[in-house]
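Chemist: sequence first, predicted coordinates after that:
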Amino acid sequence: MKSAFRKISRVGSLTGGTKWYLSEDCLLAAKRMMYSVEYRRFYLRDLDSIVVWPNRLWLWRMALAAVLFGALGVVFWKWVDSTTGEIIGSVGLAWVALELILGPTAGSRIRTTGVSVDLPLVARTRLARKVLAKIDAAVRAARAGVEQPTAPVTTAQPVEPILQTGSESPSGTLSITDPTQTHGS
C-alpha cells in the first residue's frame, strides 16, 4: 500500500531533526528530539505564507572553521610535524570551500490562519525554491478543489439592455439604459 504522504525535505541536527511530508490536503512536520517525535500538521487551505531567508550563522561557522583549523595547522606545522600541519590546514580549507559551495543556511517561518511557527523547512537556501514549488503546487491544487461549488448554482437569464433609438434619445445617438428602470410610471 502506498502512503498518502511523500517526503519533500529533511533538516538534520545533532539532537534529531525535522522531516517534512506533503499530502494532498496538509503539510506535516515530524520533529525528532532525541527519543521523541513531535508532529505538526498544517492544512494547505489554511496556509497564509511560508518565508525562507538566509541565516548569517553560516558565516560564523565558516570563520570559526578557518580560524580553528588554520591555527591548529600552524601549531602542528611548527611544533609537531609539517605533514600533520598541512593535513589539518587542508581539512580547514576544504571545510570553508564546502560551506561556500553549499551556500547559506536557511531560517523559515510558516504562517497559517491562527499561528506562526518557526521550523526549519530546508537546510540551505539553494534548496528552498524546489521545496516551495512543490508546496505551492499542492496548495493551488487543494484550493482549486475547495473553490468549486458543491451544489449546482441556479442563475436567472441575464436581462437584455434596452436600446434607445434616435427618436427616443434627445441627441440622436444610441444609448444603453438601465433595464431596471420603469418607463412612464
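Modeler: Structure received.
Chemist: could you measure from the closest residue to R56 other than its chain neighbours over to L68?
Modeler: Distance criterion C-beta to C-beta, 6 or more residues apart in numbering; nearest residue to R56, sequence neighbours excluded, is P104 at 7.7 Å. Where C-beta positions appear, they are placed from N, C-alpha and C, glycine not excepted. Distance, P104 to L68, by C-beta to C-beta, to the nearest Å: 20 Å.
Chemist: can you check A133 too?
Modeler: 38 Å.
Chemist: who has more neighbours out of these two?
Modeler: Neighbours were counted for A133 and for L68 using other C-beta atoms under 10 Å; L68 has more, 13 against 10.
Chemist: chain neighbours aside, what residue packs nearest to the more buried one?
Modeler: G92 (7.0 Å).
Chemist: where does D48 land in three-state SS?
Modeler: Put simply, D48 is strand when judged by DSSP: H, G, I helix; E, B strand; the rest coil.
Chemist: might one say that it is in contact with T113?
Modeler: Yes. The criterion here is C-beta atoms under 8 Å, and D48 meets it with T113 at 6.6 Å.
Chemist: wait, doesn't L132 sit right on I50?
Modeler: Yes. Applying C-beta under 8 Å, one finds L132 in contact with I50, separated by 6.4 Å.
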